[in-house]
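Asks: kindly generate the corresponding structure for this input.
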Amino acid sequence: MNKTLKQLREERQVSLDEMTALINVAEAEDRNLTDDEQKSFDTTEKNVNDLASRIDRLERSLELAKNNPVSFNTQDVAKEDKDLKKFTFGAAARAAYTGKMDGIVKEMDAEARMQAPNQMYRGVAVPSSVLHSRALVTSSAAKGTEVASFIDQLQANSVLAQAGANFYTGLQADRKFPIVGSCTASFVAENGYTSGTTEAAESGALTSKTLAPKKMISLASMSAELLEQNPAVEAALQRNLAVAVMAQFEKNLLAAVDQTSTAGVNGPASIMALANAYGTSAIDAAAIFGVEAKVLENNINAAAAKFAYIFNGNGLGTAKGVAGSDYVAGFMDNFVKSINNTPYYVTSNVGSQADGTAAAAGKDMLLYGDMSDIHIGQFGGMSILFDPYTTASRGIGRLVITNLMDGLAGRPGQTLQSIIEA
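Replies: Numbering: from 1, shown residues only. Model prediction:
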């Protein structure tokens with residue numbers, strides 16, 4: 001496999017670090033390199049020089065390619081983008097309804113099954129590339145209209161993504177995130193170890209968390225007449241599906257109590273339930289300042305973090321009552337939607353129940369912290385199946401849409417604080 005320029009540079013830096021480490025050890029012990037160390041140093045130096053030559057050749061070849069572009073590559077890319085725009089959800093729904101696939105729908109179905117041979121597709125398969133592509137919808141009565149991609153719609157309807165969570169799309173396998181914590185450091189005397197000196201014990205727990213695909217089924221009632229393609233149907237179909245998918249997804253992630261062990265409840269565990277609980281009283285100014293302090297006490301890098309508040313409706317109402325009428329000059333800026341210069345968001349999914357039962361009415365709910373510690377994954381493509389039987393007595397059928405998704409927080413006990421009023 002050919003290595004990229006970045007990989008070669010990183011490999012060369014590793015070798016340089018090895019050489020530096022050998023020298024530093026010998027100098028610290030005030031001695032020359034041993035025979036074995038000298039042999040290792042010479043071998044590593046040769047590798048550094050070889051890599052430098054390869055890097056130089058690759059840099060020159062890339063510069064030549066940049067100054068002498070090949071025209072047919074651009075044409076191929078343009079053609080590919082144009083072809084993808086011909087694909088619409090409406091056309092896929094009609095193919096699922098009639099059982100007849102042709103043209104771009106058939107081509108994309110084959111591509112989806114080739115990209116993910118282990119994924120169980122039912123009906124019409126839709127590859128990840130199409131989910132990222134805008135559709136160009138035309139009809140006899142309307143000029144061609146571009147409709148946003150399904151992934152765009154998912155992200156637009158995710159309050160966690162808006163607040164700063166990482167959103168990964170088109171994943172083809174489990175994604176593992178290493179988690180390192182509990183590292184220690186200490187000062188020691190310059191003249192080395194002396195009696196009574198306490199050295200820092202080795203520490204650092206290396207764990208990991210994994211995004212793994214979990215099946216989500218979405219249902220949409222459709223009539224044969226509605227399947228007649230037009231821009232409004234395409235936009236509405238994608239938007240409504242995205243709203244339904246993200247609403248259920250974030251009901252799981254933001255549930256007041258984790259329900260994954262409850263009968264009939266599947267999907268990801270609740271991030272809200274795993275966050276460090278600040279308290280169970282109603283939201284007030286002290287609590288809002290308190291959750292900020294608790295997160296910062298865990299040495300979260302404020303410069304790199306994406307801090308945000310996410311309220312339920314009742315919690316935001318209470319926070320506004322605390323602010324009173326002085327939004328801009330004080331504690332809350334209602335124009336830019338921030339508290340203490342930190343953005344806030346609101347969704348009914350905070351404190352919700354993943355099994356569909358009503359959350360406690362009139363209770364304050366709040367999730368605060370570094371939202372970049374949250375990871376959301378959408379896996380592969382989707383499948384579209386038309387069910388003509390279940391609702392046939394009403395003269396309509398159902399589209400059955402299957403998506404694979406998951407979500408988690410890397411260190412919820414350190415980066416996130418919750419308030420769930422009792």
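
Asks: need the contact list for Gly290.
Replies: 278-279 (C-beta atoms under 8 Å, 6 or more residues apart in numbering). The way it works is simple: take the backbone N, C-alpha and C, and place the C-beta from them, glycine included.

Asks: next: Phe331.
Replies: 285, 288, 322-323, 339-340.

Asks: at 10 Å what do you get?
Replies: By C-beta atoms under 10 Å, 6 or more residues apart in numbering, the contact set of Phe331 is 285, 288-289, 319, 322-324, 339-340.

Asks: from Leu416, how far off is the closest residue to Met371 other than its chain neighbours?
Replies: Nearest residue to Met371, sequence neighbours excluded (C-beta to C-beta, 6 or more residues apart in numbering): Gly164, at 3.6 Å. To Leu416, Gly164 is 12 Å away according to C-beta to C-beta, to the nearest Å.

Asks: go on, Ala161?
Replies: Here the criterion is C-beta to C-beta. By it, Ala161 lies 16 Å from Leu416.

Asks: point out where the stretch 51-200 of the chain drops to low pLDDT.
Replies: 64-85, 133-148, 180-200 (pLDDT under 70).

Asks: tell me where it has strands.
Replies: All strands of the stretch 51-200 of the chain, identified by DSSP state E, counting those that start in this stretch, fall at 124-126, 135-139, 142-147, 166-171, 175-181.

Asks: follow-up on the earlier one: which phi and psi does the residue nearest to Met371 have?
Replies: Backbone torsions of Gly164, given as degrees, to the nearest 10, read phi 120, psi 10.

Asks: quick revisit: so for Ala161 and Leu416, which sits in the more crowded spot?
Replies: A side-by-side neighbour count of Ala161 and Leu416, using other C-beta atoms under 10 Å, places Leu416 first with 27 against 18.

Asks: what residues of stretch 88-108 count as buried?
Replies: Buried residues in stretch 88-108, counted by 16 or more other C-beta atoms under 10 Å: 88-97, 101, 104-105, 108.

Asks: shared neighbours of Gly164 and Leu416, anything?
Replies: Residues touching both Gly164 and Leu416 (C-beta under 10 Å, 6+ apart) are 369-371, 373-374.

Asks: in JSON lines: these, plus neighbour count.
Replies: Formatted as JSON lines, the shared contacts of Gly164 and Leu416 follow (neighbours: other C-beta atoms under 10 Å):
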{"residue": "Gly369", "neighbour count": "32"}
{"residue": "Asp370", "neighbour count": "25"}
{"residue": "Met371", "neighbour count": "27"}
{"residue": "Asp373", "neighbour count": "23"}
{"residue": "Ile374", "neighbour count": "25"}
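
Asks: looking at those, which one is closest to Phe150?
Replies: Ranked by distance to Phe150 (C-beta to C-beta), the shared contacts of Gly164 and Leu416 are led by Ile374 at 21.1 Å.

Asks: what's the distance between the closest one and Asp174?
Replies: Going from Ile374 to Asp174 by C-beta to C-beta gives 17 Å.

Asks: now stretch 362-371: buried residues?
Replies: For stretch 362-371, a neighbour-count test (16+ other C-beta under 10 Å) marks 363-371 as buried.

Asks: a strand runs through Val48, doesn't it?
Replies: No: if the criterion is DSSP: H, G, I helix; E, B strand; the rest coil, then Val48 is helix and not within a strand.

Asks: next, count neighbours for the closest residue to it other than its chain neighbours.
Replies: Spatially, and ignoring its direct neighbours in sequence, Val48 is nearest to Ser15 (4.8 Å; C-beta to C-beta, 6+ apart). Residues within reach of Ser15, counting by other C-beta under 10 Å, total 18.

Asks: can you verify my assumption that Ser15 contacts Leu22?
Replies: No: between Ser15 and Leu22 there is no contact under C-beta atoms under 10 Å: 11.1 Å.

Asks: who touches both of the two?
Replies: Common neighbours of Ser15 and Leu22 (criterion: C-beta under 10 Å, 6+ apart): Thr44.

Asks: which residues does the residue nearest in space to the middle of the chain contact?
Replies: For the chain, the residue nearest the mean C-alpha position is Phe167 (2.1 Å; C-alpha atoms, centre = their mean). Neighbour list for Phe167: 151, 154-155, 158, 160-161, 374-378, 407 [criterion: C-beta under 10 Å, 6+ apart].

Asks: now do Asp387
Replies: Going by C-beta under 10 Å, 6+ apart, Asp387 touches 96-97, 123, 219, 222, 397-400.

Asks: which members of these are the farthest-apart pair?
Replies: Once C-beta to C-beta is applied, these give Tyr97 and Leu219 as the farthest pair, at 14.6 Å.
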